[in-house]
Structures are given as structure tokens and as C-alpha cells.
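**Student:** Got a predicted model here, sequence first, then my questions.
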Amino acid sequence: MLGKFIVIEGLEGAGKSSVISAIVDFLRAKGLEVMTTREPGGTPMAEAIRDCVKHTWDETVTEQTELLLMYASRSQLVTNKILPALSNGTWVVGDRHDLSTVAYQGGGRGVALSSLSQLKQITLGEFSPDFTVYLDVSPATGLARARGRGELDRIELAGAAFFERVRNMYVSQIKGMPNACTIDAEQTMEKVHADALSALDDWLSE
Ligand code: TMP
């Protein structure tokens with residue numbers, strides 16, 4: 001049997017990492033083989049791209065460069081890690097995937113959604129997650145949590161208006177997506193985990 005690809009999305013500080021651990025434990029308890037990924041990153045080359053994306057450069061990083069780096073990383077990850085795992089029957093839990101590009105580069109940076117779909121088609125074809133968990137948090141809460149973890153990277157320094165646009169794009173996209181749920185990530189961690197696992201369980205029992 002093929003594995004399934006479950007993706008966790010949200011702003012920085014939404015609590016993706018702890019929800020991913022909870023989901024991995026939940027799936028393993030069902031006897032499933034589970035692997036995690038993160039984007040950008042997840043293969044040696046894609047991790048080098050991640051460093052490049054997060055670095056604060058002493059030159060303008062164009063929207064096009066940022067966008068192409070996201071797809072370059074995703075192409076490496078999907079081809080070298082995700083597809084082989086799924087065909088082996090391993091379930092993959094991803095920290096971000098294509099919806100992040102729609103939210104950050106489309107919503108945040110203002111790249112036309114038609115350009116994103118063209119790149120998506122070239123890079124991924126019809127490949128897409130089986131289930132998406134969107135952790136909804138306000139930019140104020142998310143960035144305060146991210147700041148508490150240490151210095152902000154190049155994207156985290158983009159400013160409050162940028163993150164408002166990212167969140168608005170997440171919210172509008174998720175509404176039209178089948179096999180996706182929104183979790184209020186301003187709640188306690190216990191409640192966020194419980195809501196995410198219950199949504200996942202509902203989808204699994206469909
Ligand atoms: P994080 O996953 O550790 O939060 O860091 C990834 C950063 O990269 C985060 O600021 C979101 C950003 N990003 C994009 O802008 N577009 C993308 O497609 C992806 C996957 C991430």
C-alpha cells in the first residue's frame with residue numbers, strides 16, 4: 001500500500017514542530033512507518049538552499065530568486081525523498097509544502113498566482129498532499145514566539161504587513177481546499193494537539 005503525505009502549514013511560531021511530533025506519534029501508534037520532512041530543505045542540496053534562503057544577504061534578493069529557490073528545494077525533496085518513501089508505504093509528515101509558496105511568495109511578496117501554478121506544474125505535476133493541517137495564528141503571536149526562540153532570519157524580518165498578507169492568503173486558500181483543516185493555534189498546546197489529531201482521525205476514518 002502507498003503511504004500518504006500529510007503537511008503542516010502556518011506562520012512562524014504557529015507551533016508546527018510540536019504538532020508534527022504529536023502526529024508522528026499518533027501514526028506510529030497505528031503501526032505505520034513514518035518519515036518527516038521540512039521545506040525548504042530535507043535533502044543535502046535542499047538544506048544548502050534553505051541556508052541560502054534564510055541568510056541575510058548584502059544585496060537585494062529578488063522575489064523571483066526566492067520563488068525559484070523554493071521550487072528548486074521542493075523538486076529535490078519530492079523526487080529524492082518523498083516519492084520513494086510513499087511508494088515504499090512510508091507515510092510522510094511535512095513541515096510546509098507548496099501552500100507555503102502560495103502564502104509567502106504569492107500573498108506576502110505579491111507574485112501572481114498564475115506564475116506560481118505554472119512553476120508548480122513544471123516542478124510537481126499533479127503531485128499534492130493527501131491532507132493539510134493549517135495552524136492559524138496571528139502574526140503578532142507567531143512572531144513573538146519566533147522572536148523568543150532567537151534571532152529572526154531574512155524572511156522573519158519582512159514586517160507585520162507582510163505576515164498579515166501571508167495569513168490572509170493561507171486563510172483564503174485553505175477554505176477552498178478539500179482534505180484540509182484549520183486549527184486555532186492561539187489555544188494551549190494541549191488543545192491544539194487534540195484538535196489536530198481529531199481532524200486527522202476524522203479524515204483517516206472517511
Ligand atoms: P520555517 O519552516 O523554519 O518556519 O522556515 C522556513 C521559512 O521559509 C519561513 O519563513 C517560510 C519561508 N518559506 C517561504 O517563504 N516559501 C516556501 O515555499 C517555504 C516552504 C517556506
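**Tutor:** Structure received. Source: prediction; values computed, not measured.
**Student:** So for the stretch of helix or strand Asp25 belongs to, what gets flagged as buried?
**Tutor:** Element membership for Asp25 (DSSP states H and E) is helix 16-29. Neighbour-count burial for helix 16-29, counted by 16 or more other C-beta atoms under 10 Å, picks out 16, 19-20, 22-24, 26-27. From N, CA and C alone the C-beta is placed, and that goes for glycine too.
**Student:** And for stretch 36-49?
**Tutor:** For stretch 36-49, a neighbour-count test (16+ other C-beta under 10 Å) marks 36-43, 46-47, 49 as buried.
**Student:** Touching the helix holding Asp25 from outside, list them.
**Tutor:** Contacting residues not belonging to helix 16-29 are listed as 6, 8-10, 34, 36, 91, 93, 95-96, 133, 135, 183, 189, 192-193, 196-197, 200-201 [C-beta atoms under 8 Å, 6 or more residues apart in numbering].
**Student:** SS state for the nearest residue to Leu86 once chain neighbours are set aside?
**Tutor:** Among residues not flanking Leu86 along the chain, Gly3 sits closest, at 4.3 Å (C-beta to C-beta, 6 or more residues apart in numbering). At Gly3 the chain is in coil, as set by DSSP: H, G, I helix; E, B strand; the rest coil.
**Student:** List the residues that contact Gly3.
**Tutor:** Neighbours of Gly3 in contact, by C-beta under 8 Å, 6+ apart: 32-33, 85-92.
**Student:** now, which of the buried residues of helix 16-29 sits nearest the ligand?
**Tutor:** Using C-beta to the nearest ligand atom, the shortest approach to the ligand within these belongs to Lys16, at 6.9 Å.
**Student:** Give me the spatial nearest neighbour of the closest one, chain neighbours excluded.
**Tutor:** Ile8 is the one closest to Lys16 (C-beta to C-beta, 6+ apart), at 4.8 Å.
**Student:** do you know how far that neighbour is from the ligand?
**Tutor:** Separation of Ile8 from the ligand (C-beta to the nearest ligand atom, to the nearest Å): 10 Å.
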